[in-house]
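> The following comprises the amino acid sequence and a computationally predicted model.
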Amino acid sequence: ETGVTQSPTHLIKTRGQQVTLRCSSQSGHNTVSWYQQALGQGPQFIFQYYREEENGRGNFPPRFSGLQFPNYSSELNVNALELDDSALYLCASSLDQGVYGYTFGSGTRLTVV
Amino acid sequence: DQQVKQNSPSLSVQEGRISILNCDYTNSMFDYFLWYKKYPAEGPTFLISISSIKDKNEDGRFTVFLNKSAKHLSLHIVPSQPGDSAVYFCAASGTMIYNQGGKLIFGQGTELSVKP
């Protein structure tokens, strides 16, 4: 059973640029959720994807968008990067939109300069 | 609006003693609570959970207590070991809240240090 994998592990971008982060869900899971963890804070829910559609969204602006593919992998896209977007971005997979068995990846550390 | 709060940013405990980590929540619609452990450069790892229909759940050295009337939960680790040193997050979910059942609300975390 493969776990949740995220790529890249680290990324440095310039303010105003766009970034795409990738996540492969755990085998058997069909739901992917994305979280942002700022330094010293707990993870904050960005959105969830189930059956290739957005299924719940947190308090994040529209420049945060995502996709889920038929193999249940997912992408998080952030446009017009701001300095405050610097954070650890975590992807979690689960089954059928639930939180039971939520499994997190190791995250992508994004630094915006 | 912080719906889940961990008011102690850090906790230091001697090896072999009990560690007690606390968490408070405000939303009475939360019905499922989880504790995660996080090491640097790794994602959160699930530790233990509890449904709102229970007041206690135990798994080895880890016990979670839920006091619904006080909207408070705690994680007890007995005995504490140096390998338990990590950041601990409590999280809550409202599985019956429309379109938010798959969303976890996290506290800010408590850094536990277990000294030999």
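Nice, I can see it. Residues are numbered from 1 along each chain as shown, chains lettered A, B, ... in the order given.
> Now do the same contact list for B:C90.
B:4, B:6, B:21, B:23, B:33-36, B:73, B:75, B:106-107 (C-beta atoms under 8 Å, 6 or more residues apart in numbering or on different chains). C-beta coordinates here come from the backbone N, C-alpha and C atoms, glycine included.
> Repeat that for B:S49.
When contacts are counted by C-beta under 8 Å, 6+ apart, B:S49 is found next to A:100, B:32-35, B:57, B:64.
> can I get the residues you listed in a markdown table with neighbour count, distance to A:V4 and pLDDT?
Converted to a markdown table, these look like this (neighbours: other C-beta atoms under 10 Å in any protein chain shown; distance: C-beta to C-beta, whole Å; pLDDT from 0 to 100):
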| residue | neighbour count | distance to A:V4 | pLDDT |
| --- | --- | --- | --- |
| A:Y100 | 14 | 15 | 78 |
| B:Y32 | 20 | 20 | 92 |
| B:F33 | 25 | 22 | 95 |
| B:L34 | 22 | 16 | 95 |
| B:W35 | 25 | 19 | 97 |
| B:N57 | 16 | 24 | 97 |
| B:V64 | 24 | 24 | 98 |
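> ok so, going back, keep only those of the contacts of B:C90 that are in strands.
B:4, B:21, B:23, B:33-36, B:73, B:75, B:106 (DSSP state E).
> What segments of chain A are strands?
According to DSSP E, the strands that chain A contains are A:5-7, A:10-13, A:19-24, A:31-37, A:44-50, A:53-57, A:64-68, A:74-78, A:87-94, A:103-104, A:108-112.
> To clarify, my last question referred to chain B.
Taking DSSP E to define them, one finds strands in chain B at B:4-5, B:10-14, B:19-25, B:32-38, B:45-51, B:56-59, B:62-67, B:72-77, B:86-93, B:105-106, B:110-115.
> Give the rounded mean pLDDT of the longest one.
Same thing as strand B:86-93. The average pLDDT within strand B:86-93 is 96.
> sorry, back to before: near chain A too, which of the contacts of B:C90?
Contacts with chain A within the contacts of B:C90, as defined by C-beta under 8 Å from any C-beta of the partner chain: B:4, B:6, B:34, B:36, B:106-107.
> For those, name the two members farthest from one another.
Farthest apart among those by C-beta to C-beta are B:Q6 and B:L34. That separation is 13.0 Å.
> ok, now how distant is the most centrally placed residue in chain A from B:R61?
In chain A, the C-alpha closest to the average C-alpha coordinate belongs to A:W34, at a distance of 3.3 Å (C-alpha atoms, centre = their mean). Remark: distance between A:W34 and B:R61 (C-beta to C-beta, to the nearest Å) = 32 Å.
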